[in-house]
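Chemist: coordinates for the following, if possible.
(2 chains)
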Amino acid sequence: MTKTKPTVLIVDDMEMNRVMLRDILTHDFEIMEASGGSEAIEIIEENADKISAVLLDAMMPDLDGFEVLKALSRRGLLENIPVIMISAENSPEYIARGYDLGVVDYIGRPFDPNIVHRRLSNVVMLYAKQNVLTELIKEQISQREENNSMLIDVLSSVVEFRNGESGPHVLHIRRLTELLLKELARLDSKYVMPPQDVAMWATASAMHDIGKIAIDDKILNKPGRLTDEEYNIMKKHSIYGYEILDHLNWHRSPLIEAAKQICRWHHERWDGKGYPDGLKGDEIPIPAQVVALADVYDALTSERVYKAAYSHEKAIDMITGGECGAFNPDLLKALTRMSGSLKKKINAAPEKNYDAIAEQIFEGLRERLDRV
Amino acid sequence: MITVAEAYSELNENYDAVLSRLMGKENLVIKYLTMFKNDATYDALTNAVSAGSAEDALRAAHSLKGMCFNLGLISLGTVCSDLVDAVRGGEYDLDQLYAPIKSEYEKTAEVLGRCLD
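Modeler: Residues are numbered from 1 along each chain as shown, chains lettered A, B, ... in the order given. Got it, this is the predicted structure:
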């Protein structure tokens, strides 16, 4: 941890009180002062990253300590900045109100300077540890995610290379899967999933065509139209992909389980006319439906040996017009809603969800602690 | 000139308690007492009482109380506390509550005046 002194904001309308606290703390803390509630809020907003703790007087003429707490809470500033309330008011109701509004500690007057110092130091240390921990988790997650992505990129490129359809296809599928899942969640709360699941499905989507590795070169790269027999072999890539993953001893890995679903069912259609299992409607897992749509969209808008690239608008028209098979109406609604920004977003780097994921982990941790 | 210890004893207050709380540093006690003596909160209280504003009086008495307790001026702090409690309670006579504060404050200020220059 850094050796610089942590910063403490002292909020009190009485100068003498501020000077007393400053004298106690100045040796070990960097001190900032506010002589009223509104000034305190301003200073905290401007210096949220710098302030390690706030010592807050309860009673002040302009805006009292409780109002300051409410304002900080509304702005989400109480989560990372601990507030200790100091007051000559020692009635239990008053103290309870402070705790209810989110103070971490309450110190009555007259206070013992040593104890103020100790309590403040403890609180600052505790919060500093939690912040370091959060950063550490974020780093670990991003490292792991990057390693995952890298390996999956290698794998997908091998398949694409053999397939002769190199280009940003896999990247697009991933991005489209992420965007569509998020748009679905905005459309209806039943589609909401935790951010780490969105990331997982997007990663899994990159593997949708790995089964093509088992398809004969002559069929895979045939310049002309496939015969019925050849097409039936080609269709087996969905089952092959599923089987390749199924034979790995990673059955409990959620990512592999996700990829298995996607490999097997990314050619199913809403009306049951897809392959290999002819699943219908809700029988097809949502992520597999999403990847199916993404795959069609990207195939339409990309150039292939046998066709030119369609424009974004034309592709959307063809999909919503049912020319590429039936899709879940909700999914089509999501696609139409995000259609305007799709062209721009599809080539942008994937969003980093690490903050959201770390926050999720801490949320779980807090819930577990609450149950103890 | 009297010493700070003598001033506290004349006011029937416990100087040792204050000194130990302030890490045994007499210069700090003198610094805070000087600030207390020059502080305008008592004047604000006096004005609030003569204007009949209970809310302002309560706030000033509350601030004064906090300062007094930190400085070990318990008698003055207690009469301030009485005003705060009475006004919060809703039944009170501001002038009647102010009188003991005035006499305690004047006594305290007089003694401190002889100890601080």
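
Chemist: need the longest helix for chain A.
Modeler: When chain A is parsed with DSSP state H, its longest helix is helix A:113-163.

Chemist: pLDDT of it, averaged?
Modeler: The average pLDDT within helix A:113-163 is 83.

Chemist: quick check: next helix or strand after it?
Modeler: Counting by DSSP states H and E, the next helix or strand C-terminal to helix A:113-163 is helix A:169-187.

Chemist: need the next SSE after that next one, C-terminal direction.
Modeler: That would be, after helix A:169-187 and using DSSP H and E, helix A:195-205.

Chemist: low pLDDT regions in the stretch 151-300 of chain A?
Modeler: A:164-167 (pLDDT under 70).

Chemist: would you state the strands of chain A in chain order?
Modeler: With strands called from DSSP state E, chain A shows them at A:7-11, A:30-34, A:51-57, A:83-87, A:105-108.

Chemist: returning to that earlier point: got the angle between the longest helix of chain A and helix A:195-205?
Modeler: Interaxial angle, helix A:113-163 versus helix A:195-205 (axes from the mean of the first three to the mean of the last three CA atoms, to 10 degrees): 20 degrees.

Chemist: helix A:113-163: how far from the chain's middle?
Modeler: Taking CA atoms, centre = their mean, to the nearest Å, one finds the center of helix A:113-163 at 13 Å from the center of the full chain.

Chemist: how about stretch A:98-110?
Modeler: Here stretch A:98-110 is found 34 Å from its chain centre; the criterion is CA atoms, centre = their mean.

Chemist: buried set for it?
Modeler: A:Gly98, A:Leu101, A:Gly102, A:Val103, A:Val104, A:Asp105, A:Tyr106, A:Ile107, A:Gly108, A:Arg109, A:Pro110 (16 or more other CB atoms under 10 Å in any protein chain shown). In short, each C-beta sits where N, CA and C put it, glycine included.

Chemist: which outside residues touch the helix or strand encompassing B:Ala61?
Modeler: Secondary structure from DSSP H and E places B:Ala61 in helix B:54-70. Under the contact criterion CB atoms under 8 Å, 6 or more residues apart in numbering or on different chains, helix B:54-70 has outside partners A:13-14, A:16-17, A:20, A:59, A:61, A:87-89, A:109-111, B:32, B:36, B:39, B:41-42, B:44-45, B:47-49, B:73-74, B:76-77, B:80-81, B:83-84, B:87-88, B:92, B:94, B:98, B:101.

Chemist: average model confidence for that helix?
Modeler: Mean pLDDT, helix B:54-70: 92.

Chemist: that helix to helix A:113-163, inter-axis angle?
Modeler: 100 degrees.

Chemist: enumerate the positions of helix B:54-70 that are buried.
Modeler: For helix B:54-70, the neighbour count (16+ other CB under 10 Å) marks B:54, B:56-70 as buried.

Chemist: nearest residue to A:Met59 in space, please, no chain neighbours.
Modeler: Nearest in space to A:Met59, with sequence neighbours left out and distances taken as CB to CB, 6 or more residues apart in numbering or on different chains, is B:His62 at 5.3 Å.

Chemist: quickly note the distance from that neighbour to A:Leu151.
Modeler: Applying CB to CB, to the nearest Å, the value for B:His62 to A:Leu151 is 65 Å.

Chemist: cool, and A:Gly321?
Modeler: Counting by CB to CB - A:Gly321 and A:Leu151 are separated by 38 Å.

Chemist: ok, the closest residue to chain B within chain A - contacts?
Modeler: For chain A, the residue closest to chain B is A:Ala88, as judged by CB to the nearest CB, at 3.6 Å. With contact taken as CB under 8 Å, 6+ apart, A:Ala88 is in contact with A:Met59, A:Gly108, A:Arg109, B:His62, B:Lys65, B:Gly66, B:Phe69.

Chemist: I'd say B:Tyr15 and B:Ser9 touch.
Modeler: Yes. B:Tyr15 is within contact range of B:Ser9, at 6.9 Å (criterion: CB atoms under 8 Å).

Chemist: between the two, which is the more surrounded one?
Modeler: A direct count of neighbours by other CB atoms under 10 Å in any protein chain shown for B:Tyr15 and B:Ser9 places B:Tyr15 higher, at 18 against 14.

Chemist: the more buried one: what's it in contact with?
Modeler: Applying CB under 8 Å, 6+ apart to B:Tyr15 gives the contacts B:Val4, B:Ala5, B:Tyr8, B:Ser9, B:Gly72.

Chemist: now for the second one, how many residues are close by?
Modeler: Pointing back at B:Ala5 there. Applying other CB under 10 Å, we find 15 other residues in the vicinity of B:Ala5.

Chemist: ditto for the first one
Modeler: Neighbourhood size, B:Val4 [other CB under 10 Å]: 18.

Chemist: quick check: it vs B:Leu71, distance?
Modeler: 11 Å.

Chemist: any common contacting residues for these two?
Modeler: B:Val29, B:Leu33.

Chemist: tell me which residues touch the residue lying closest to A:Lys273 once chain neighbours are set aside, please.
Modeler: Excluding the flanking residues, the one nearest A:Lys273 by CB to CB, 6+ apart is A:Gly325, at 6.5 Å. Neighbour list for A:Gly325: A:Arg269, A:Trp270, A:Asp271, A:Lys273, A:Gly274, A:Val296 [criterion: CB under 8 Å, 6+ apart].

Chemist: ok, the closest residue to A:Glu257 other than its chain neighbours to A:Ile210 distance?
Modeler: With sequence-adjacent residues excluded and distances taken as CB to CB, 6+ apart, A:Glu257 is closest to A:His251, at 7.4 Å. Distance, A:His251 to A:Ile210, by CB to CB: 17 Å.

Chemist: which one of these two is surrounded by more residues?
Modeler: A:Ile210 (22 against 10).

Chemist: the lengthiest helix in chain B vs helix B:54-70, what angle?
Modeler: Criterion DSSP H: the longest helix present in chain B is helix B:94-115. Interaxial angle of helix B:94-115 relative to helix B:54-70 (the same axes, to 10 degrees): 40 degrees.

Chemist: is helix B:94-115 in proximity to chain A?
Modeler: No. Applying CB under 8 Å from any CB of the partner chain, one finds helix B:94-115 separated from chain A by no less than 13.6 Å.

Chemist: which other helices and strands does that helix contact?
Modeler: Under the contact definition 3 or more CB pairs under 8 Å, 6 or more residues apart in numbering or on different chains; DSSP states H and E, helix B:94-115 sits against helix B:4-10, helix B:26-38, helix B:41-51, helix B:54-70, helix B:74-89.
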